[in-house]
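*Asks:* A predicted structure for the sequence below; I have some questions about it.
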Amino acid sequence: MTHDSLGLVAAPAQPQPRSRFRILLLAALATLGLTATLAPRAHGGSSALVVPATKANAGAGSGTGPGTDPAANIPPSPNFLTSCTNTGFDNSPGCENATLSAIDNARNQEGLPGMVLPTDWAQLSPQQQLFIATNLERTVRGLPPLTGLATALDQSAQSAAAQNADPTAPAGFPWTSWGGNWAGAVGSPLEAIYFWMYDDGEGSYNIDCTATDTSGCWGHRNNILMSLRCQPCLMGTGFNATAYQATPSWTELLVDTSGSPALDFTWNQVLADLPGTPGGAVLDAPAVGIASTPDGQGYWLAAADGGVFAFGTAGFYGSMGGKALAAPIVGIASTPDGQGYWLVASDGGIFAFGDAGFYGSMGGHVLARKVVGLASTPDGHGYWEVAGDGGIFAFGDAGFSGSMGGRPLAKPVVGIAPTHDGHGYWEVASDGGIFAFGDAPYLGSMGSVALNRPVVAMSPTPDGRGYWLTGSDGGIFAFGDAPFRGSTGDVALDAPIVAMTTSPTSGYWLAASDGGIFSFGVPFHGSMG
């Protein structure tokens with residue numbers, strides 16, 4: 001039995017500026033016959049008139065999608081269409097970070113963690129990226145990934161992309177079920193994935209889904225989440241930069257097949273660079289610090305060799321990984337807008353990335369004790385370094401409000417946290433002692449209490465009227481208005497906790513030296529553990 005695809009005929013039109021473009025999405029399910037008319041809705045602008053022609057599908061297959069469709073569309077938040085261009089392939093950090101943020105927001109409404117891309121994402125082709133993003137939507141829901149890109153399926157998908165049509169299983173290719181998706185006028189495969197997965201119901205850009213005919217609603221999502229026997233299950237992907245009215249055209253073909261077709265890219269190749277996966281990327285040096293994004297929807301993990309790993313909405317702006325360092329990295333701090341970060345080494349050296357400015361450092365100076373931490377000012381125009389003897393070094397607009405340098409300490413200082421207005425800071429020692437300077441209030445400490453494990457870090461609440469301390473076992477001690485959200489204090493850990501950071505929602509993440517991340521009152525976005 002053959003499986004016919006939808007054909008699209010568009011009225012002649014000139015390419016529209018981004019503020020006026022429309023995306024059209026088509027799906028061919030092996031188990032459904034789909035017909036459609038355009039469902040008018042604008043994302044950030046007015047629509048451009050496109051008149052499609054549809055064709056009934058006549059095919060059969062055993063693949064099925066999830067049991068129920070989402071109750072409603074989730075329009076992208078943030079609206080990545082304002083950050084991405086549709087004049088060609090867009091893999092810019094601005095586009096990718098905005099789209100990943102929207103995906104993470106939509107996933108959060110399903111109780112799912114955010115999407116974590118492989119570390120070599122920027123070096124991959126558009127077709128490979130689409131393959132990976134599709135599999136990431138399957139594996140996060142416990143579905144088996146498609147094994148790889150089959151050359152014959154890629155050829156079919158590439159041909160369909162050039163024709164703005166759904167791809168079809170090529171003649172002679174064995175299949176038990178298959179489905180195909182198409183998207184036009186988006187520059188990033190992540191944009192296509194978003195609309196296929198989270199914004200594919202009535203009122204969306206899915207032209208097979210209308211108020212009068214809802215049979216094609218969520219067809220793209222059902223294709224991606226098909227139940228497959230995988231003996232094996234394979235994909236084909238296609239990309240043409242100008243096929244759809246001088247804008248990109250994307251296609252993907254998911255096939256449950258048999259035998260051993262020729263592959264040109266495999267999921268196993270992806271796992272080698274996918275953080276947090278078995279047999280995947282591992283740390284070359286212990287993790288030493290963590291910093292959260294301003295929206296609380298992402299974080300960066302820093303390793304002692306200067307490697308930086310970004311999760312959720314956190315963008316990657318560079319690192320010292322693979323470069324010669326005079327001393328190991330001991331901490332990380334982010335800029336207020338989340339568009340950059342600093343790394344600090346134990347010799348006081350500062351390394352600035354993204355929009356983080358360099359305002360000086362203790363690198364090259366003789367220190368009584370090694371630097372152990374870093375904190376930035378609220379406006380991002382300065383920072384403090386703290387040493388193990390409690391000495392404070394202020395740079396940029398960071399004010400000096402006092403320190404424990406030169407004073408006797410029962411235990412060494414291990415961290416620093418600023419107040420919300422930047423007019424003060426706390427130092428914390430490994431015995432849980434707290435030392436408050438400037439407008440930082442003293443709200444209690446663990447200095448006189450016997451601890452199971454030493455304190456390794458502290459973080460303040462958003463209003464600065466409380467703070468948390470964490471021990472190396474992940475035990476949490478809350479003071480002031482800091483709520484207790486949970487801990488790993490009674491959990492056997494593979495590696496000790498080394499750092500913590502907080503979000504605007506008064507939750508916190510703990511980071512272990514093996515790159516493991518533990519979330520309490522905040523979403524989990526991935527880890528290197």
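*Replies:* Cool, the structure landed.

*Asks:* Report the buried residues of stretch 328-344.
*Replies:* For stretch 328-344, the neighbour count (16 or more other CB atoms under 10 Å) marks 328-335, 338-344 as buried. Just so you know, the C-beta spots here come from the backbone N, C-alpha and C atoms, and that holds for glycine as well.

*Asks:* should've said stretch 308-325
*Replies:* Using 16+ other CB under 10 Å as the test for burial, stretch 308-325 gives 308-317, 319-321, 325.

*Asks:* Report the mean confidence score over it.
*Replies:* Regarding stretch 308-325, the rounded mean pLDDT is 86.

*Asks:* do the same with stretch 437-444
*Replies:* For stretch 437-444, the per-residue pLDDT averages 97.

*Asks:* So for it, what gets flagged as buried?
*Replies:* For stretch 437-444, using 16+ other CB under 10 Å, the buried residues are 437, 438, 440, 443.

*Asks:* of all those residues, which comes closest to residue 244?
*Replies:* Of all these, residue 440 has the smallest distance to residue 244: 56.8 Å, by CB to CB.

*Asks:* these two touch, right, that closest one and residue 427?
*Replies:* No - between residue 440 and residue 427 there is no contact under CB atoms under 8 Å: 9.3 Å.

*Asks:* In three-state terms, label residue 153 for me.
*Replies:* At residue 153 the chain is in helix, as set by DSSP: H, G, I helix; E, B strand; the rest coil.

*Asks:* Now the residue nearest the centre of the chain. Its backbone dihedrals?
*Replies:* For the chain, residue 312 is the residue whose C-alpha lies nearest the centre (CA atoms, centre = their mean; 2.8 Å). Main-chain dihedrals, residue 312, degrees, to the nearest 10: phi 60, psi -130.

*Asks:* List the residues that contact the closest residue to it other than its chain neighbours.
*Replies:* Spatially, and ignoring its direct neighbours in sequence, residue 312 is nearest to residue 298 (2.9 Å; CB to CB, 6 or more residues apart in numbering). Residues near residue 298 by CB atoms under 8 Å, 6 or more residues apart in numbering: 101, 104, 114, 292, 310, 311, 312, 313, 314, 338, 525.

*Asks:* In CSV, list the residues you listed along with secondary structure and distance to residue 221.
*Replies:* Supplementary listing: the contacts of residue 298 in CSV, determined by DSSP: H, G, I helix; E, B strand; the rest coil; distance: CB to CB, whole Å:
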residue, secondary structure, distance to residue 221
101, helix, 20
104, helix, 17
114, coil, 18
292, strand, 30
310, strand, 27
311, strand, 24
312, strand, 22
313, coil, 23
314, coil, 27
338, coil, 30
525, coil, 22
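
*Asks:* quick one: which of the residues you listed is nearest to residue 385?
*Replies:* residue 292 (19.9 Å).

*Asks:* Please determine how far that closest one is located from residue 440.
*Replies:* Residue 292 sits 20 Å away from residue 440, going by CB to CB, to the nearest Å.

*Asks:* how near is the closest residue to residue 209 other than its chain neighbours to residue 165?
*Replies:* Of all residues not flanking residue 209 in the chain, residue 217 sits nearest, at 3.8 Å (CB to CB, 6+ apart). Relative to residue 165, residue 217 is positioned 20 Å away (CB to CB).
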